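Engineer: next one to model:
(chains A and B, ligands or ions: 2)
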2 protein chains.
Amino acid sequence: MKFQPKNLLLKSLIVLALAPALSFAQNEASTIDAIRQKALEESKVMSYITELSQNVGARLTFTNRYQLAVDWAMKTLAGTGLQNVHTEYWEPSGRDWNLKKYTFTVVKPYPMFINSCPKGWSAGTQGLQSGDLVYLDARKPEDFEKYKGKLKGKIVLVSFASPFYMSFDPVATRYADSSLDQMAVIKAKTAEELDKEKTEEDELTKKYKPYFQLMTDRIDFCNKEGAIAVVESGYRPYGSVMSFSISHPGEVNDQFDFLTTGYRTGFPDGIPQITIAMEQYNTLVQMLKNNTSITAELNIEAELGTKPVKGMSVLGEIKGSKKPNEIVTIGAHLDSYQAGQGAADNGAGVAIMIEAMRILNSLGIQPERTIRIGLWGGEEQGYLGSTDYVKTHFTEGTEKHYVYFNLDNGAGLIRGIQLQNNSKAVDLMKEWFGKASLEGSNTVSVASAEYTDHVPFAEAGLPGFQFIQDHLDYYSTYHTQVDLMDRIPEDDMKKNAYLIAVLTWLAANHQGNFPQ
Amino acid sequence: MKFQPKNLLLKSLIVLALAPALSFAQNEASTIDAIRQKALEESKVMSYITELSQNVGARLTFTNRYQLAVDWAMKTLAGTGLQNVHTEYWEPSGRDWNLKKYTFTVVKPYPMFINSCPKGWSAGTQGLQSGDLVYLDARKPEDFEKYKGKLKGKIVLVSFASPFYMSFDPVATRYADSSLDQMAVIKAKTAEELDKEKTEEDELTKKYKPYFQLMTDRIDFCNKEGAIAVVESGYRPYGSVMSFSISHPGEVNDQFDFLTTGYRTGFPDGIPQITIAMEQYNTLVQMLKNNTSITAELNIEAELGTKPVKGMSVLGEIKGSKKPNEIVTIGAHLDSYQAGQGAADNGAGVAIMIEAMRILNSLGIQPERTIRIGLWGGEEQGYLGSTDYVKTHFTEGTEKHYVYFNLDNGAGLIRGIQLQNNSKAVDLMKEWFGKASLEGSNTVSVASAEYTDHVPFAEAGLPGFQFIQDHLDYYSTYHTQVDLMDRIPEDDMKKNAYLIAVLTWLAANHQGNFPQ
Ligand SMILES: [Zn+2]
Ligand SMILES: [Zn+2]
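Structural biologist: Residues are numbered from 1 along each chain as shown, chains lettered A, B, ... in the order given. Ligands and ions are numbered 1, 2, ... in the order given. A predicted model of the protein is given here:
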C-alpha cells in the first residue's frame, strides 16, 4: 500500500518506455495489412508468371531465349519502380543455342507418337535424317568392339531400359501436418554428423560415377562411329519427358557433370542428343531386343553459338534508409530447362519475388536495410549466377550480407522455412512467421535444403535459406514439357508473395544482427 | 439304438450317393491344381501380350493394322491347338486407314515439344504443312460469321481450354477391401429404378448433345473454310494424349457419335484432325488469347481406303463332350485405338483369354459344354463384333448361350465379378470364386458394368459379365500413347489367366442351367 506512489511512477515509466515500441508495432501491423491487401486483392503475380512462361518461354542460360528473359526481367523490375535495376555478368561463359525446329517420330514397323525433346545444346541434324534404331548394349570394351562399324547412319538408344514401374502415389501432394511437425523438431547436426554425411555423399558419388562415365562413353562412341543421333530415356513415367543438357566427351565425376554441363564452350558441336518418354523408350528397347526393325526420323534445326556468351543475372533494389550497405536479398533463378516453359521451375519463384518487390516498393516507406532482388542465371548449370553474386558482393565485396531468401520448388504454398542447421535463427523466424500469420505456414526447421541458389550463401557461411513448399505436382513435372501454367495455382502464388513480402520487410527492419 | 441297422443302411446309401460327387470333386480339385500349375508356373501370357502390343502394335478396326492383329490371333489360337479357329465377318463395314508418318511441332514464337497424335482415320496433309494457329472461339452463328474467310491455311484449335487441374489422387490404385465390401452388398435394381436410371441417362445425353454438336460444327466449319487441320485437347493431364477418331459432319446425338464413328464409309476424307496433350493445348489457347502469333508444322502421311472393309472377329473353341451346342464364351476385344499399342486396352484381355484357352485345351480332358473364345473387332466403335456374335449365334442362331465372361479393363488383378443385376447367379458365382480360391478375388456384386463387349449379351437378356479388376493406372493411360507394356504387371496377368480358366471350366461342366 505504501508503495503506491512509487508504483504509479513505475507504471508511468513503463508506459513511456513502451510508447515507441507500440508505435513501431502498430506501424508494423499496418504495413503487414497493407502488404496483405496488395498481395491478395491487387495481385500482379499471375501476369508476371504468364509473361515469363508464355511470352518468353523456355530460357536456357546463355542462349538467345535467356537474353529475352533478361530483357523481360529488366523491363519488369524497372516497371515496379525499383532502383538500380541492372545486369551483372559472371564467369564461366557458355554457348548460345538457337533451336528453330524439332521433330522426332518412329515410322517403321508402324508410326509411333513419341513424346520427346532435344537435350539442351544438341547439335542440329542438317535436315531430316532417317535411320534404323540400335540399342547400344555395351558395358565393357569388348562389348563396344562388337558395335564397331555398325552404328553409322543409325539412331542409337544409349540408356538402360527402366525397370517396370507403376505409381501408386498421388501425383500432387500438400504437406500433412504430421510431416511438418516432424520437420519442426529435427535437431541441428553436429560437426561430426555433417562430416559423416559428407563422407557418405562422396562415397555415393563415387559409386555412381561409373554409370555416368559409361553413359558419356556410349554417347562419345556413337559420335565417333558416325551415328545420326543418340536417344536417352526421359526419367519420368506417364508420357512426360524430363530432359537435361548434352553430354560432352571426357571424364565425368558425377551426375552433374553428365546432366548439366552441355553449355560448356571449347567442344565441337558433337552428335545430336534427344530424350524420349520413359515407357516409350522401354518399349523401343524391348522391340529391338525381340529383333524388330525400327526406323525413325529426326529433324533438329539448331545453331550452336561460336563465340562464348557471358552469364548474366538481373538485380534491382529498394535502398535502405539507415543501413543501405546491409543487404536483404531475395531471389529465384530466371533460367529454365528447354522442355517446357519453366512455369513451376522457376517462373513461379521469379514471379513471386518480383511481386514481393513490387508490393514493398509500392508501400512508399523505406526499409532500414537495402532490399535487393536477384534473378539468377545458370542455376541449372550449378548456381552459377548466385555463386558469383555471393563472391562479388559479400565474400570479396564490401557489402554486408544480412539474410537471403530463395524460392525454387514450384508454386506450392510456403509452409515454412529450412534454416540450414542454424538453430540460433529458429526463434526469430518463428516470430516473423507468427507476424505474417498465414494459415498453414509456420514451420521452422533446422533441416538443410539442397540443390538451389541458397547453397552458395550457405557454403560461404552466410544465412541463406530455401522455403518449405507444398510439392504439388512439381516432382512429376519439373524439367519436363508439361512445366506449363497448369502447374500454377493462383491462390498459392498470391499467398506466397504476401509471405515473402512480409518476411523481407521484417528482415530489412529488424533491430540487431541476424542470429547465427 | 434300435434304429442302428437302419442308420447303417442310411449311412451306406449316403456314401454311395456321395461317391460320384466326391469323385467329381476330386477331379475338379485336381483340374484346378493343374490349371494353377500351368497358369502360374508355365505361363505364356506375357509372350502373347508382348507379341500383340509390340509386333502388331496399334490396331484400329477395319485398318490394315487390324488385319495383322487378326492374322496373329488366328495363328496364335491355332497354335494352342483350339478347334474351329476362324474369322467371322460382320456389318457395318468401315474404312482402311494406312498411316505412314506423323509429326506435329510448334516452331514460332519458339519450338515447343508437343505430345500429340492423329485422330483415327484422319486425312493426310499432302506433305508438310505450315500454318498459323487460330483458336475458334465460336458458339453462336454470329460468332462463326466473324471467322469466315479467316481460317484458310490455318491450323485451328477447336476444343475449349480445360479448367485448371491438378491431381491429388494416386495414378494407380488397387481396390480397398472396404470398396469391395460395399460392392458386394449392393441390391439388385428394381424395374422402376432401372427405368429411372435410363431416363436420367437420356436426359444427360440430351444435355451434352449441344456440346458435341458444337464440336462437330466447329470441325466442319474449319473444313469448309479451308483450314489445314483442326487440333483438339487430349483429355488427360501430365503429357499423355487420349485420342479417339475423327468427326464427320452432320448431326450427332451423343459423345459416341462424336468420338467413335470416324470409321464410317461414305464421307469425303475431310480435314486432318489431331489431338494434343491437355496442358499444352491450354497453353496454346492462353497464348493465342494474349495475341501471341504461333506457327506450327504438321505432316500426316495417310491413305484412307476407298472400298468398304468388312468387320471381323476371331473365334476358336474346345468342343463340348456332352452338350456341344451349349456355349460358354469368353472374350476380349482385339482392336485398339491408335495412340499407344493397346497393351492394357485390351491386349491384356486378349492375352489372358488366349492363355486361359491354351491352359484348358492342354488339360487333355473335354468339357461338357463347348468353350469358345471370341476376340472381337469394333469394340471401340460400339461393340460391333460382339453384337454380331450374339445375334448370329444366339438370338437369331441355333446355339444355346450358357454364360459369357468378358475382360476389358487392363491387366489389374480380377477382384470379383459384376452380375448385371442378376441376383440369382450370386450364390453360384460365389461357389466358383470359392473353388478358384485366388487370394483377394471373391467379390460377387450385382452391380452393372458398362461400355464393353458383355453389353450386347446383357441387352439380349443373356448372362454376360465383366469382371471387377484393380484399376492400376488404366484410367490415366487407356487410349493414350503410353498404353504400352509398362502398364502390364506379370503377376496380375498370370493370376487372371488362372482365374478365368477355372471359372470357365466350372461353367462348362456345371450341372444345370445358368441361374437367371
Ligand atoms: Zn529450379
Ligand atoms: Zn477396351
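Engineer: helices or strands up against the host helix or strand of A:S47?
Structural biologist: Under the assignment given by DSSP states H and E, the secondary-structure element containing A:S47 is helix A:45-50. Contacting helix A:45-50 under the criterion 3 or more Cβ pairs under 8 Å, 6 or more residues apart in numbering or on different chains; DSSP states H and E are the following elements: helix A:348-362, helix A:490-509. Just so you know, the C-beta spots here come from the backbone N, C-alpha and C atoms, and that holds for glycine as well.
Engineer: what are the ranges of the strands in the stretch 151-300 of chain A?
Structural biologist: The residue ranges that make up the strands of the stretch 151-300 of chain A, judged by DSSP state E, counting those that start in this stretch, are A:155-157, A:229-233, A:273-276, A:295-304.
Engineer: of those strands, which is nearest A:N509?
Structural biologist: Each of the strands of the stretch 151-300 of chain A has some distance to A:N509 by Cβ to Cβ; the shortest is strand A:273-276, at 47.3 Å.
Engineer: partners of that closest one in the sheet?
Structural biologist: With DSSP bridges as the criterion, the sheet partners recorded for strand A:273-276 are strand A:116-118 (antiparallel), strand A:229-233 (parallel).
Engineer: what angle do the longest one and strand A:295-304 make?
Structural biologist: What that stands for is strand A:229-233. Here strand A:229-233 runs at an angle of 100 degrees relative to strand A:295-304 (axes from the mean of the first three to the mean of the last three Cα atoms, to 10 degrees).
Engineer: how far off centre is strand A:229-233?
Structural biologist: Relative to its chain's centre, strand A:229-233 lies at 25 Å (Cα atoms, centre = their mean, to the nearest Å).
Engineer: how about residues contacting that strand?
Structural biologist: With Cβ atoms under 8 Å, 6 or more residues apart in numbering or on different chains as the contact definition, strand A:229-233 has outside contacts at A:116, A:119, A:125, A:129, A:131, A:133, A:155-162, A:215, A:218-219, A:222-223, A:271-276, A:278, A:281-282, A:284, A:298, A:300.
Engineer: how close does the most centrally placed residue in chain A get to A:Q129?
Structural biologist: The central residue of chain A, meaning the one whose C-alpha is nearest the mean C-alpha position (Cα atoms, centre = their mean), is A:D408 at 4.6 Å. With distances taken as Cβ to Cβ, to the nearest Å, A:D408 is found 37 Å from A:Q129.
Engineer: and chain A, what are its domains?
Structural biologist: According to automatic domain parsing, chain A is divided into the following domains: A:37-95+A:308-509, A:97-174+A:211-304.
Engineer: tabulate these (a markdown table), appending distance to B:N253 and mean pLDDT.
Structural biologist: Conversion of these to a markdown table gives the following (distance: least, Cβ to Cβ, whole Å; pLDDT from 0 to 100):
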| stretch | distance to B:N253 | mean pLDDT |
| --- | --- | --- |
| domain A:37-95+A:308-509 | 32 | 97 |
| domain A:97-174+A:211-304 | 30 | 96 |
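Engineer: out of those, which one sits most buried?
Structural biologist: Looking across the domains of chain A with neighbours counted as mean count of other Cβ atoms under 10 Å in any protein chain shown, the highest average goes to domain A:37-95+A:308-509: a mean of 22.
Engineer: any idea how far apart the tips of that one sit?
Structural biologist: With Cα to Cα, to the nearest Å as the measure, domain A:37-95+A:308-509 spans 20 Å from end to end.
Engineer: quick one: the helices in chain A, in order.
Structural biologist: Under the criterion DSSP state H, helices of chain A are mapped to A:4-36, A:45-50, A:64-79, A:141-147, A:177-185, A:191-224, A:255-260, A:278-289, A:348-362, A:384-389, A:426-436, A:455-459, A:474-477, A:490-509.
Engineer: fine, thanks again, bye for now.
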